[in-house]
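Asks: show me the folded form of this:
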Amino acid sequence: MMMKKFPISIKIRSFKVKKHLRQLNKLVGGVEVENIVLIDGVRTPFGKLGGNLKNFSSVTLGSMVIKETMRRTKMEADSVDEVIMGSAMLAGATSVAARQMLFKSGLLETTKSMTIDRACCSSITAVGVAMKNILVGDSDVVLAGGIESMSQTPLLLREARWGSRLGDITAEDPLKIKNPITNTPVAYVTGHEALKYGVDREQQDEWALGSHMKYFAAFESNKFKDELMSVEIPQRKGEPIIVNKDESPRPDTSYDKLRNLKTVYDSPTITAGNAPGLNDGATVLTVMSQKKQQELNLHSIGTILSYVNVSGDPNASVIYPGIAIQKALQKANISLKDLKRIEINEAFAAMPLVSTKVLSDGDNGLLTKLRSITNVNGGAVAMGHPTGASGARLIMTLAYELRRLGGGYGAAAICGGYGQADAVIIRVD
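Replies: All right, here's what the predicted structure looks like:
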């Protein structure tokens, strides 16, 4: 028997739904969004592989920053609607890490949670998802950030569960990052892509040296005091160890030392010196609607104007932070020349160098200007790159820097996950 087909027509009559759709259209339609604010940003110091933070799981590190932001903001547990946290090495964090963190932090069991894996993009993605969830009315207050304990990332014994009848069992190290799509080391393809854009080994070593120098200048000027919390490590005997600074920066770094390092993974340009180390750490940002901010009488450190993610050639991650910033600027309806500061994650020194070239589009004067305002307090080559946590670190560093400047517009961007990138545009009043 033939079924009669009826046309489907849905009319949205709810004023509340219409309102949320209009708000969502602001996010996706290129109109400046002014009602999503950042209240606080805090991070642990970034520990080096096998350093002082090695015995803390990713979940424990995440619970530390959540507790600290709750202490700083003086919010009650029932004020938090959702926790969204990113992690690039989920094996080290076990399952549903965000859910574990909220319990460990003393939040309510009714608090929603989400764990995101978009490699290094994960914690900016967490902020972007928080923004969208607030815009559509699903949440008012979201704690968004990321975690990583690379020191606790386990070795994989894929053959061990079922045994090996004959021969060796191989231990696989997930920290040896390889592109599974093209079966090539990330450092190898990044070096070759950088050369295509005229960014050679010398430029990358110079940027790496500058990252360390700018980091130490900023640290000595207390520029990280707002974002850094201290971590106390109890000892069997004696006083606890207090970790209150990043462990990776090298005060003895010099250009001669950097240029004498051998390249890694057959890369033409990438060395251990112009790439960040493997790190442990956690970050969190408090994201909420402006209405909720006023209701709770909290001070905003910045307003999120736009969030985007982009993707493309899995071998060309080095260009995508620049492309993401271009799209985020269009969505926020502001110009590249309006930016006072830019943060681009130094997954390699090549990343900000190539991405600023993409942004400048052949204008050498603009390129010089962009690089002068990019990563002014150093970057991941110096301070470290706990992969799932780095994106939110960029946003908080940017917000606090703009506040010191008296306000303005800024962009933060990060590559990750084999040809992907995320970016946000913020304004500080």
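
Asks: go ahead and confirm Arg158 touches Glu172.
Replies: Yes. Counting by C-beta atoms under 8 Å, Arg158 sits close enough to Glu172 to count as a contact (6.5 Å). Bear in mind the C-beta positions are built from the backbone N, C-alpha and C, glycine included.

Asks: scan the chain for its longest helix.
Replies: In the chain, with assignment by DSSP state H, the single longest helix is helix 201-220.

Asks: for the stretch 151-300 of the chain, which segments are assigned as helices?
Replies: Secondary structure of the stretch 151-300 of the chain (DSSP state H, counting those that start in this stretch): helices at 186-196, 201-220, 255-259, 290-296.

Asks: output those in TSV; the columns should cover mean pLDDT, mean neighbour count and distance to Thr125.
Replies: Formatted as TSV, these follow (pLDDT from 0 to 100; neighbours: other C-beta atoms under 10 Å; distance: least, C-beta to C-beta, whole Å):
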stretch	mean pLDDT	mean neighbour count	distance to Thr125
helix 186-196	96	22	19
helix 201-220	98	19	24
helix 255-259	97	15	32
helix 290-296	96	15	22
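
Asks: and those helices: which comes nearest Asn52?
Replies: Nearest to Asn52 among the helices of the stretch 151-300 of the chain is helix 201-220 (16.9 Å), distances taken as C-beta to C-beta.

Asks: tell me which other helices or strands the closest one touches.
Replies: helix 255-259, helix 350-360, helix 380-383 (3 or more C-beta pairs under 8 Å, 6 or more residues apart in numbering; DSSP states H and E).

Asks: thinking again about what came up before, distance to Arg43 for the helices of the stretch 151-300 of the chain - can I get that in CSV?
Replies: Below are those laid out as CSV (distance: least, C-beta to C-beta, whole Å):
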stretch, distance to Arg43
helix 186-196, 24
helix 201-220, 14
helix 255-259, 26
helix 290-296, 21
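
Asks: and of those, who's closest to Leu107?
Replies: Going by C-beta to C-beta, the one of the helices of the stretch 151-300 of the chain nearest Leu107 is helix 290-296, 16.0 Å.

Asks: residues contacting the closest one, please?
Replies: 34-37, 39, 73, 75, 79, 140-141, 288, 300, 303 (C-beta atoms under 8 Å, 6 or more residues apart in numbering).

Asks: one more time with 7 Å
Replies: Asn35, Val37, Ile39, Met75, Ser79, Asp140, Val141, Ser300 (C-beta atoms under 7 Å, 6 or more residues apart in numbering).

Asks: please check these and keep the buried ones.
Replies: Asn35, Val37, Ile39, Met75, Ser79, Asp140, Val141, Ser300 (16 or more other C-beta atoms under 10 Å).

Asks: check the residues you listed and tell me the two furthest apart.
Replies: Asn35 and Met75 (18.7 Å).

Asks: which one of the contacts of helix 290-296 is nearest to Lys257?
Replies: Once C-beta to C-beta is applied, the member of the contacts of helix 290-296 that ends up nearest Lys257 is Ile39, at 41.4 Å.

Asks: for that closest one, which three-state class applies?
Replies: The three-state label given to Ile39 by DSSP: H, G, I helix; E, B strand; the rest coil is strand.

Asks: where's it relative to Gln294, distance?
Replies: According to C-beta to C-beta, to the nearest Å, Ile39 stands 11 Å off from Gln294.

Asks: buried set for the helix or strand where Tyr320 lies?
Replies: In the assignment (DSSP states H and E), Tyr320 maps to helix 320-332. With burial defined by 16+ other C-beta under 10 Å, the residues of helix 320-332 counted as buried are Tyr320, Pro321, Gly322, Ile323, Ala324, Ile325, Gln326, Lys327, Ala328, Leu329, Lys331, Ala332.

Asks: between the residues you listed, which sits nearest Asn260?
Replies: Looking across the buried residues of helix 320-332 and measuring by C-beta to C-beta, the closest to Asn260 is Pro321, at 28.8 Å.

Asks: from Asp226, how far off is the closest one?
Replies: 24 Å.

Asks: now swap in Ile325 and tell me
Replies: 24 Å.

Asks: Arg371 now?
Replies: 25 Å.

Asks: before we move on, back to that, if you count contacts, what does the next helix-or-strand element following the helix holding Tyr320 end up packed against?
Replies: Remark: after helix 320-332, the chain's next helix or strand is strand 339-344, criterion DSSP H and E. Strand 339-344 sits against helix 350-360, helix 390-404, strand 408-415, with contacts defined as 3 or more C-beta pairs under 7 Å, 6 or more residues apart in numbering; DSSP states H and E.

Asks: Thr153 is in contact with Ser57, correct?
Replies: No. The criterion here is C-beta atoms under 7 Å, and Ser57 misses it with Thr153 at 10.7 Å.

Asks: so how many other residues sit close to Gly167?
Replies: 7 (other C-beta atoms under 10 Å).
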